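> Compute the structure for the input listed below.
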Amino acid sequence: MSIKKRVHNIFLKTETTRKIYCTISYIKGKIYFGICLYAPILKYRITKEKPVFLIFTPEHANLGDHAIAYAEQKLFNKLKIEYYEITGRQLYILQYYGYLKVLNNTTIFINGGGNLGSLWPEIEKMNRWIISELKESTICIMPNSIYYDADKKGQIEFEESVHIYNKHPKLYIYARENLSYELMKKKYKNVKLIPDMVFSLDECISNMERKGCLLCMRNDVERTIPEAEYEKLCHLIKRVFKNVGVKNTVINHNVKIENRESELENIFSEFRNVELVVTDRLHGMIFSAITGTKCIVLNSKSPKIKGCYQWIKHLEYIRMINNIEELESVYKKMPQYPNVYNYEALKPLYTELEYDIKNLIIKGVW
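Just a heads-up that it's a prediction; the model follows:
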């Protein structure tokens, strides 16, 4: 046993020594992260007339969330907005060591996604903390979906968020689909409807050689298809395709900011190389759309898929089904390759978002 491990075990023997050990560890962590995390943020904060932060971006393995952050990054770069990115992991560290108030009196953009509500409670708790503690900041939640369980507990949580959100004087929220928008505008003060940020990317490449089918299904709290239905789905797909691959938009390793673009290019390339994607993941559908890949979409627990599908329902190569037995007949009616990602109808909405972002930074209001 190492000396470090022996010391660790000694300190954990009694309640008193355990408290001493935890206190020492906390102080060491506060000093370390004060130097390597807080100090650079503070330096940026005090040297900019109008500091801008993009926060709660991913370092985890969900490439859908990374694609959202990447699209937001491209938008800020297009607008020539200098910003400081703080990931979710860094955000929790800053909160734990009491450093998060360095963001007060700044402009804060919270990464978009599908995380408002009771499906991901720890994220909702952090959103509440940011909104309740940083009252001098202008805070904008980028295009997001909301979902609360319909039971008593879910509704209590919803009302708690409504109470906290509506006390903030400069909070602005974008819903990314109409179902969330209708719910948000009934409860929150400043709400607009803007598509998921990933719809603003065009990743089509013509003349790709495509082969086989890619199955891209959820395996988390939002999964709705039972195991028996999943097996039936696999059987149906194998009846149509000889080559069937399995891919998730959540990969098997975390992704650092500097590796985000390359990891996204890898998965976009995988989508471009198949004839069909079958998915119940929102970004399985969106990745298919932006890469011009035929896709059959199954609904999921959150309303976000059905809602976001409305933005691209004009694309003949993306189709939603309610019964998996429709799969083969729907696929046969899909257009031949190549497909062009047409999102002209969405561009005015993204232009409106650009205008809003400039105003939020300059004036603090839409």
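
> Name the residues of stretch 247-267 that are buried.
Buried residues in stretch 247-267, counting neighbours by 16 or more other C-beta atoms under 10 Å, are found at 247-251, 255, 260, 263-264, 267. Yep, even glycine has a C-beta here, placed from its N, CA and C like the rest.

> Between the two ends of it, how far is it?
9 Å (C-alpha to C-alpha, to the nearest Å).

> With stretch 305-324 instead?
End to end - C-alpha to C-alpha - stretch 305-324 spans 16 Å.

> swap in stretch 237-250?
For stretch 237-250, the first-to-last residue distance is 22 Å (C-alpha to C-alpha).

> chain center to that stretch, what's the gap?
Its chain's C-alpha centre and that of stretch 237-250 lie 25 Å apart, by C-alpha atoms, centre = their mean, to the nearest Å.

> can you tell me how far Y230 sits from K313?
25 Å (C-beta to C-beta, to the nearest Å).

> Of these two, which one has the most company?
Set Y230 next to K313 and count neighbours by other C-beta atoms under 10 Å: Y230 wins out with 16 against 11.

> Just the element for the nearest residue to I324 once chain neighbours are set aside, please.
Once flanking residues are discounted, I324 sits nearest to L233: 4.9 Å by C-beta to C-beta, 6 or more residues apart in numbering. Element membership of L233, judged by DSSP states H and E, is helix 227-240.

> Starting from that helix, tell me the next helix or strand along the chain.
Note on helix 227-240: by DSSP H and E, the next helix or strand toward the C-terminus is strand 244-246.

> That following strand packs against which elements?
Counting by 3 or more C-beta pairs under 8 Å, 6 or more residues apart in numbering; DSSP states H and E, the packing neighbours recorded for strand 244-246 are strand 213-216, helix 227-240.

> Which residues does the next helix or strand after that strand contact?
Sequence order places helix 260-272 as the next helix or strand after strand 244-246, per DSSP H and E. For helix 260-272, contacts defined as C-beta atoms under 8 Å, 6 or more residues apart in numbering pick out 63, 66-67, 69-70, 203, 205, 208, 210, 214, 245, 247, 249, 251, 255, 277, 287-288, 290-293.

> Can you say which of the residues you listed are buried?
63, 66-67, 69-70, 203, 208, 214, 247, 249, 251, 255, 277, 287-288, 290-293.

> In helices, which of the residues you listed fall?
Of the positions in those, 63, 66-67, 69-70, 287-288, 290 sit in helices, assigned by DSSP state H.

> Output the below-cut-off pLDDT ranges for the chain.
Scanning the chain for pLDDT under 70 picks out 1-13, 221-222, 300-303.

> Out of the ones in helices among the buried ones among the contacts of helix 260-272, flag the one nearest to R281.
Checking these against R281 by C-beta to C-beta gives F287 as the nearest, at 8.8 Å.

> Tell me which residues are up against the helix holding L233.
Counting by C-beta under 8 Å, 6+ apart, 213, 215, 217, 225, 244, 278, 298, 324-325, 327-328, 331 sit against helix 227-240.

> Go again with 7 Å.
213, 215, 217, 244, 278, 324, 327-328, 331 (C-beta atoms under 7 Å, 6 or more residues apart in numbering).

> Which pair of those spans the longest distance?
M217 and E328 (17.7 Å).

> And the two? Which one has more around it.
Set M217 next to E328 and count neighbours by other C-beta under 10 Å: M217 wins out with 19 against 13.

> Please report the distance of I123 from K28.
Applying C-beta to C-beta, the value for I123 to K28 is 28 Å.

> One more: N178?
Distance of N178 to K28, given as C-beta to C-beta: 49 Å.

> One more: L63?
For L63, the distance to K28 equals 34 Å [C-beta to C-beta].

> circling back to that earlier point, just name the closest of the ones in helices among the buried ones among the contacts of helix 260-272 to K347, please.
K347 has its nearest neighbour among these in I290, at 13.8 Å by C-beta to C-beta.
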